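Student: Next one to model:
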Amino acid sequence: MAELKRTLLGMAEAGEQLLRQALEAIRAYNDAVAHNRPPAETERLRLEADHLYQTVIDYQLHKAGALGESLH
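Tutor: Sure thing, here's the model as predicted:
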């Protein structure tokens with residue numbers, strides 16, 4: 001159990017910056033929607049948020065070994 005905690009903690013720490021970027025992008029998108037920003041800006045922010053969110057998920061799956069070999 002302690003090994004699992006260390007592994008999960010390591011994943012969280014290693015991906016912390018990426019997770020923060022994704023959360024900031026989601027907040028920026030939600031703010032743009034709430035303030036009726038221009039459609040082009042809102043769409044750009046949505047795409048950025050979606051991309052970063054998916055990157056976080058892929059990173060976590062990769063670190064957990066669920067994605068198999070390297071994606072390169």
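
Student: Show me what the helix or strand where Q54 lies is packed against.
Tutor: In the assignment (DSSP states H and E), Q54 maps to helix 39-64. Applying 3 or more CB pairs under 8 Å, 6 or more residues apart in numbering; DSSP states H and E, one finds that helix 39-64 makes contact with helix 2-14, helix 16-34. For every residue, glycine as well, the C-beta is placed using N, CA and C.

Student: Name the residues that touch the longest one?
Tutor: What that stands for is helix 16-34. Contacts to helix 16-34, defined as CB atoms under 8 Å, 6 or more residues apart in numbering, come from residues 41-42, 45-46, 48-49, 52-53, 55-56, 59.

Student: give me that answer again for 10 Å
Tutor: With contact meaning CB atoms under 10 Å, 6 or more residues apart in numbering, helix 16-34 is reached by 12, 15, 37-39, 41-57, 59-60.

Student: And that helix, what's buried?
Tutor: Across helix 16-34, burial judged by 16 or more other CB atoms under 10 Å covers 19, 21-22, 25-26, 28-29, 32.

Student: quick check, nearest of these to G65?
Tutor: In terms of CB to CB, no member of the buried residues of helix 16-34 lies closer to G65 than L19, at 19.1 Å.

Student: still on that earlier bit, any idea which of the helices and strands packed on helix 39-64 scores lowest on pLDDT?
Tutor: For the helices and strands packed on helix 39-64, the stretch scoring lowest in mean pLDDT is helix 2-14; its value is a mean of 53.
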